[in-house]
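Novice: Got a sequence here, can you model it:
(one chain, ligands or ions: 2)
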Amino acid sequence: MDGAPGGVWLYSLQRNSIRVPNNNNFPIDRSNRFVRRPPLVTPPGVGVQLAQRLVGQTQAIELVVPYVRMFQAGLAPEGRPAGVFLLLGPTGTGKTRTVEALAEVMHGSEKNVLRIDCGEFQMEHEVAKLIGAPPGYLGHRETQPMLTQQKVNAVASERSSLSIVLFDEIEKAASSLNRLLLGVLDKAALKLGDNSTVNFERTMIFMTSNLGAEAMMNALAGGYGFARGMAGGAAAENKLEAIGRAAVRRRFSPEFLNRIDAVVTYHPLGEDALRRILEHQLANLQRHITGRLGARAFRLDISEGARNWLIEKGTSQEFGARELKRVILRQLTQPLAALVASNRVPPGSLVHVTKRRGGEALSIQPLTPDQIRGVA
Ligand SMILES: Nc1ncnc2c1ncn2[C@@H]1O[C@H](COP(=O)(O)OP(=O)(O)O)[C@@H](O)[C@H]1O
Ligand SMILES: [Mg+2]
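Specialist: Ligands and ions are numbered 1, 2, ... in the order given. Got it, this is the predicted structure:
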């Protein structure tokens, strides 16, 4: 019998189990053996599940999770959104990923996000696309508003009634979008062109922005050296947060900022974090190959040298983990796809990926099942 921690001895739940007198007071079943209750399978908490998807950035998880819990407990305040967050920091550090990860955890899919790409609303008149034109106005019929109650509800699911709305890269939007948002953040209500109202009470609102990101990177380059992979410690973190807060104060009015529950500053990702993101991406790629190719699937075997090479190529101050994703796509996924498309990866192969000596690319060598048997 294994004595794994957390195990609980108790009466067998099998139907044929009976209680037999025994001196130790231990429950036993008919076979006269102690039985062990299977551990209660409670899914890990939201925070743990988020941390499995978002590397580093624990401060973001710690700030968001209490609001999720309040919502789940039915204790979120009425008359306002269930949470309003402003996510700041350099490009490719996981701001948008956080929101997708929360959707995965809450609803099972990162697609359960109503995403407003603020880059589409740079001109004042474009903001009407969000709420639709009033009746009688030109284009009233053609313009389906982007923010309807139906669309907000559609991103909730059977698992949870929480709708996640993302205003991505909010610094790009015209200022009328901020005014419009003010009402949403304050009263959880948005009046549409046709006079109907969208309710945002069962909604968490995320805004992302790279406001202050450039100044943050400059500050880090000037001595707060954790962009290069070391934990910069509290000093660097405080410095980044101060820069973020100052940039935000310059851009948004105090009443706007007062309606935000938490401003979170994302840190540049160090080498450790990039390595973990690489492992996520490679696991995703393998899942994809196994799931999508069905009978034609194959296995990847990626050497340590190839991994190091991808990290080296994929490290970028400017683009964060986005650069790593691009490098994986160009140097691994696309060459693999070319091999598959020309039938050079027989089903069941083991594909060895190694670093080419001195080369500027990876070496990708499929071993057929016959060859694998020959090797073994
Ligand atoms: N902290 C992170 N944890 C896991 N993946 C990340 C992280 N940061 C970036 N990535 C990866 O890089 C991609 C781009 O990150 P994203 O969240 O879109 O950056 P941004 O901060 O600019 O919004 C993501 O899709 C994800 O694959
Ligand atoms: Mg983003």
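Novice: Provide a list of residues in contact with the residue of the chain found nearest ligand 2.
Specialist: Distances between the chain and ligand 2 by C-beta to the ion are smallest at T96, namely 3.3 Å. Yep, even glycine has a C-beta here, placed from its N, CA and C like the rest. If a contact means C-beta atoms under 8 Å, 6 or more residues apart in numbering, then T96 has L166, D168, T208 as its contacts.
Novice: Next, count neighbours for the second one.
Specialist: Number of residues near D168 (other C-beta atoms under 10 Å) recorded here: 21.
Novice: Quick one: mean pLDDT for whichever strand or helix holds L220?
Specialist: If you go by DSSP states H and E, L220 is part of helix 213-221. The average pLDDT within helix 213-221 is 85.
Novice: can you pull the buried residues of that helix?
Specialist: Applying a neighbour-count criterion of 16 or more other C-beta atoms under 10 Å, one finds A213, A215, M216, M217, A219, L220 buried in helix 213-221.
Novice: what's the closest of these to G89?
Specialist: Distances from G89 to the buried residues of helix 213-221, taken as C-beta to C-beta, are shortest for A213 (6.0 Å).
Novice: For the spatially closest residue to that closest one that is not a sequence neighbour, list the residues it contacts.
Specialist: Leaving out its chain neighbours, the residue that sits closest to A213 by C-beta to C-beta, 6 or more residues apart in numbering is P90, at 4.3 Å. For P90, the contacting residues are N210, A213, M216, M217, Y266, P268, G320, by C-beta under 8 Å, 6+ apart.
Novice: Below-threshold pLDDT in the stretch 51-200 of the chain: ranges please.
Specialist: Applying pLDDT under 70 to the stretch 51-200 of the chain picks out residues 136-143.
Novice: in the longest helix along the chain, what counts as buried?
Specialist: Taking DSSP state H as the criterion, the chain has its longest helix at helix 271-293. Residues of helix 271-293 classed as buried: A273, L274, R275, I277, L278, Q281, L282, L285, I289 (neighbour count, 16+ other C-beta under 10 Å).
Novice: Also stretch 362-376?
Specialist: In stretch 362-376, counting by 16+ other C-beta under 10 Å, buried: L362, I364, P366, L367.
Novice: Figure out the helix or strand that the third one lives in.
Specialist: Okay, so that is P366. Here P366 is assigned to strand 362-367, by DSSP H and E.
Novice: doesn't T315 make contact with R326?
Specialist: No: when contacts are counted by C-beta atoms under 8 Å, R326 is not listed as touching T315 (11.8 Å).
Novice: between those two, which one's more packed in?
Specialist: T315 (20 against 15).
Novice: could you pull out the helices for the chain?
Specialist: 46-53, 58-72, 95-107, 128-131, 149-154, 175-187, 213-221, 233-251, 254-258, 271-293, 304-313, 321-328, 334-341, 369-375.
Novice: looking at the ones you listed, which is closest to V84?
Specialist: helix 175-187 (5.2 Å).
Novice: Counting by contacts, list what the closest one packs against.
Specialist: If contacts are counted by 3 or more C-beta pairs under 8 Å, 6 or more residues apart in numbering; DSSP states H and E, helix 175-187 sits against helix 128-131, strand 189-191, strand 203-209, helix 254-258.
Novice: could those be laid out in TSV, adding mean neighbour count and distance to W309?
Specialist: Putting the helices and strands packed on helix 175-187 into TSV (neighbours: other C-beta atoms under 10 Å; distance: least, C-beta to C-beta, whole Å) gives the following:
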stretch	mean neighbour count	distance to W309
helix 128-131	19	44
strand 189-191	16	49
strand 203-209	25	31
helix 254-258	12	44
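Novice: Let's have the ones you listed in a markdown table, adding distance to E100.
Specialist: Output for these, formatted as a markdown table (distance: least, C-beta to C-beta, whole Å):
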| stretch | distance to E100 |
| --- | --- |
| helix 128-131 | 21 |
| strand 189-191 | 23 |
| strand 203-209 | 10 |
| helix 254-258 | 25 |
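Novice: Now tabulate those in JSON lines and tack on distance to ligand 2.
Specialist: Output for these, formatted as JSON lines (distance: least, C-beta to the ion, whole Å):
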{"stretch": "helix 128-131", "distance to ligand 2": "19"}
{"stretch": "strand 189-191", "distance to ligand 2": "23"}
{"stretch": "strand 203-209", "distance to ligand 2": "5"}
{"stretch": "helix 254-258", "distance to ligand 2": "20"}
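Novice: how about N153, what does it touch?
Specialist: S163.
Novice: dump the residue contacts of E62.
Specialist: G47 are the contacts of E62 under C-beta under 8 Å, 6+ apart.
Novice: I'd like the distance between the closest residue to ligand 1 within the stretch 101-250 of the chain and I311.
Specialist: The nearest approach of the stretch 101-250 of the chain to ligand 1 comes at T208, 5.6 Å away (C-beta to the nearest ligand atom). As judged by C-beta to C-beta, to the nearest Å, T208 and I311 stand 25 Å apart.
Novice: cool, S253 as well?
Specialist: 42 Å.
Novice: same thing with M70?
Specialist: M70 is 39 Å from I311, by C-beta to C-beta.
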